[in-house]
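Asker: Here's a sequence, model it:
(2 chains)
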Protein chains: 2
Amino acid sequence: MLSLVSRSFCLMVSGCQGSRRSIATVISGNKTSKLVRDRLRNDVEKMKVQFSGFRPSLVVLQVGDRDDSNLYISTKLKAAAEIGIDAKHVRLPSSATQAEVLQSVLSVNENPSVHGLIVQLPLDSVNRIDTELVTNAVSPDKDVDGLSCINAGKLSRGDLKDCFIPCTPNGCMELIRQTGVSVAGKHAVVIGRSKIVGAPMHDLLLWNHATVTTCHSKTPDLPEQVSRADILVVGAGRAEMVRGEWVKQGAVVIDCGINHVPDETRASGKRVVGDVHYASANQRAGFITPVPGGVGPMTVAMLMENTVQSAHRFILRHQADR
Amino acid sequence: MLSLVSRSFCLMVSGCQGSRRSIATVISGNKTSKLVRDRLRNDVEKMKVQFSGFRPSLVVLQVGDRDDSNLYISTKLKAAAEIGIDAKHVRLPSSATQAEVLQSVLSVNENPSVHGLIVQLPLDSVNRIDTELVTNAVSPDKDVDGLSCINAGKLSRGDLKDCFIPCTPNGCMELIRQTGVSVAGKHAVVIGRSKIVGAPMHDLLLWNHATVTTCHSKTPDLPEQVSRADILVVGAGRAEMVRGEWVKQGAVVIDCGINHVPDETRASGKRVVGDVHYASANQRAGFITPVPGGVGPMTVAMLMENTVQSAHRFILRHQADR
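Answerer: Sure thing, here's the model as predicted:
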């Protein structure tokens, strides 16, 4: 049903161009993330009633004062507040040392009333801090960003029920689900192998039983690889690199790119585009995410989902211990 | 040079069939594993001289008394002895509880004179034991089987220098290296996604910069996927399932299968075959591993390599601490 809803939405958005050429159904991240957030608000409300005032709790740990981090954090705090998650912003000064940052992480790890902890990256410190060390210091059962080695290991080996899935690929899977296209048995192609997008995306598609090909900067025949994808997820970080003519007719195209390109027609002198050349790809794809308004809004929604899931697991463990 | 050596070896083995058809070069695991073991014996000898009698040390923990496990363990102990690794076999009775097994693991973890610990699987106990729990209890810096979540996480996210790589895929990479064929930029296809073969094999090929496709039981078009592989690694567990006519001309074919099939011409009534139909595949492949004598002998050699590597890391940490 949801895919029908999206399709109507698409026709509203794209069908008005007066063309009879096949145009892809737009998979709206704004719409899907709202569905997720509404569902989570209901879940949290139920938890509150069932467990006398219980609320999922999230800590966002920031080092320093980067403008972009401040903006991302305020978006996360706002989403949490709307859902009913108790989110705290812990800010360390940019003079914080690695030992101080680790100490903050450990103190949140040990606080039984906190269910999720994320460390806002990049760390903005005047001191040298090993980001991997900090990321891996987060307790695996509070690691709602899913970035620790232990969660990556579980995901990569198929233990999906027992880990936290990184938010961006988890959001991509939710968008794919909205299309109604079944992943099992399909040929999926992922472009990119980063820790937060490409690599976990490969794992998710594989353990949802797609045949998965991972492409990257060393892939010599990208157009040919892309042309075989029933499902294409692009996290390459290069503006409009995937051309429409590469895309298989009817494919599901998920674009994780956020790139700023010059645009003299805008007051800001620039605009945001994805890693896929949208105008040509939507002539061939069956479903496509726009940029902005596609994958972007899903990332915060899935962070909230992981936090609520962590709170659920906490309740289950707590009940088992009694 | 090694690839030339293998090629001569092949001509000795395969060239005598009097045919002028192109026949694949055999990649000998017996030969390559001997090269690895000889190198390790030299390394261990040097360590011994340099660090006054120091020897890498390995513990093999067994629960119960399975015949197949006994055989595997004796092969490992023999290889260790030849290289100069001090290997101990710790055997718990099949009456051992999970808590007792975990206690044994922890006591080896805490013993600073042991550099490698493997738990022989499957656990042969009359009690219910969570194998994952035991595997993950092994300290990541002694986990020379590379089966813990932490090591899997590091490998899957490309931190190859900072983890232990599971022995069978590590052995496959060594065999691929022997061919002289460069992995970067090639299209590799892996059949299977098990924790000990397929999944880590994907990671290794990816982080050696191949474009990698993972196929499995839900892949509908296996012959077509296989036909695109410059490098094909098969860990499917099905006798001779990959047919020669699927194989791309000149491909590197690595067969991890060990299957027993009926053979009335043998006294035992059976023989061992791989997952690849050898007789037809060696007419198309450029390089191919035989079964037996291909991947099999590499697994133990790479376990020894990981143990020696662990001892090296131990020395480096010890020096850094001083």
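Asker: tell me the domain ranges of chain A?
Answerer: Segmentation of chain A into domains, based on automatic domain parsing, reads A:53-137, A:166-297.
Asker: can you tell me the distance between the two ends of the shortest one?
Answerer: Pointing back at domain A:53-137 there. 30 Å (C-alpha to C-alpha, to the nearest Å).
Asker: part of a strand, is residue A:214?
Answerer: Yes - counting by DSSP: H, G, I helix; E, B strand; the rest coil, residue A:214 is located in a strand.
Asker: bridging residues for it?
Answerer: residue A:190, residue B:212 (DSSP bridges).
Asker: Read off the pLDDT value for it.
Answerer: In the predicted model, residue A:214 carries a pLDDT score of 98.
Asker: Might one say that it is in contact with residue B:212?
Answerer: Yes - if you go by C-beta atoms under 8 Å, residue A:214 and residue B:212 touch, sitting 5.4 Å apart. (Each C-beta comes from the backbone N, C-alpha and C, glycine too.)
Asker: And the two? Which one has more around it.
Answerer: residue B:212 (30 against 27; other C-beta atoms under 10 Å in any protein chain shown).
Asker: Residues of the stretch 151-300 of chain A that sit close to chain B?
Answerer: For the stretch 151-300 of chain A, the residues in contact with chain B under the definition C-beta under 8 Å from any C-beta of the partner chain are A:151-159, A:184-185, A:187, A:193, A:195, A:199, A:202-203, A:206, A:209-216, A:218-221, A:225.
Asker: taking those one by one, which sit in helices?
Answerer: Residues of these located in helices (DSSP state H): A:151-156, A:199, A:202-203, A:206, A:225.
Asker: Those residues into a markdown table, with extra columns for distance to residue B:306, pLDDT and neighbour count?
Answerer: Compiled in a markdown table, those are given as follows (distance: C-beta to C-beta, whole Å; pLDDT from 0 to 100; neighbours: other C-beta atoms under 10 Å in any protein chain shown):
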| residue | distance to residue B:306 | pLDDT | neighbour count |
| --- | --- | --- | --- |
| A:151 | 24 | 98 | 26 |
| A:152 | 20 | 98 | 30 |
| A:153 | 17 | 98 | 27 |
| A:154 | 22 | 98 | 26 |
| A:155 | 23 | 98 | 29 |
| A:156 | 19 | 97 | 28 |
| A:199 | 23 | 98 | 25 |
| A:202 | 25 | 98 | 29 |
| A:203 | 24 | 98 | 28 |
| A:206 | 25 | 98 | 25 |
| A:225 | 33 | 98 | 21 |
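Asker: Residue B:309: which of those is nearest?
Answerer: Of all these, residue A:153 has the smallest distance to residue B:309: 19.3 Å, by C-beta to C-beta.
Asker: thought that closest one was touching residue B:143?
Answerer: No - using C-beta under 8 Å, residue A:153 is not in contact with residue B:143, being 11.2 Å away.
Asker: Can you check which residues contact both of those two?
Answerer: Residues touching both residue A:153 and residue B:143 by C-beta atoms under 8 Å, 6 or more residues apart in numbering or on different chains: B:150-151.
Asker: if we can go back for a sec, could you say which of the domains of chain A is packed most deeply?
Answerer: For these, the stretch with the most neighbours on average is domain A:166-297, a mean of 21; neighbours defined as mean count of other C-beta atoms under 10 Å in any protein chain shown.
Asker: Could you give the separation of it from the chain centroid?
Answerer: Put simply, domain A:166-297 sits 13 Å off its chain's centre (C-alpha atoms, centre = their mean, to the nearest Å).
Asker: ditto for stretch A:45-65
Answerer: On the basis of C-alpha atoms, centre = their mean, stretch A:45-65 sits 20 Å off its chain's mean C-alpha point.
Asker: again, but for stretch A:89-103
Answerer: 26 Å.
Asker: for stretch A:82-97, same thing?
Answerer: Taking mean C-alpha positions (C-alpha atoms, centre = their mean), stretch A:82-97 and its chain are 20 Å apart.
Asker: do stretch A:126-136 as well
Answerer: Here the centre of stretch A:126-136 is set off from its chain's centre by 22 Å, with C-alpha atoms, centre = their mean.
Asker: what's the average pLDDT for it?
Answerer: Confidence over stretch A:126-136 (mean pLDDT, whole number) is 97.
Asker: May I have it as CSV, with CA atoms only?
Answerer: Taking only C-alpha atoms (Å, rounded to 0.1, in the frame of the first residue of the first chain), the coordinates of stretch A:126-136 have been written out as CSV:
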residue,chain,number,x,y,z
VAL,A,126,43.1,21.0,19.4
ASN,A,127,44.5,17.8,20.7
ARG,A,128,45.2,14.7,18.7
ILE,A,129,42.4,12.2,19.3
ASP,A,130,42.1,8.8,17.8
THR,A,131,38.5,8.8,16.4
GLU,A,132,38.5,5.0,16.0
LEU,A,133,39.4,4.5,19.6
VAL,A,134,36.6,6.8,20.7
THR,A,135,34.0,5.2,18.4
ASN,A,136,35.0,1.8,19.7
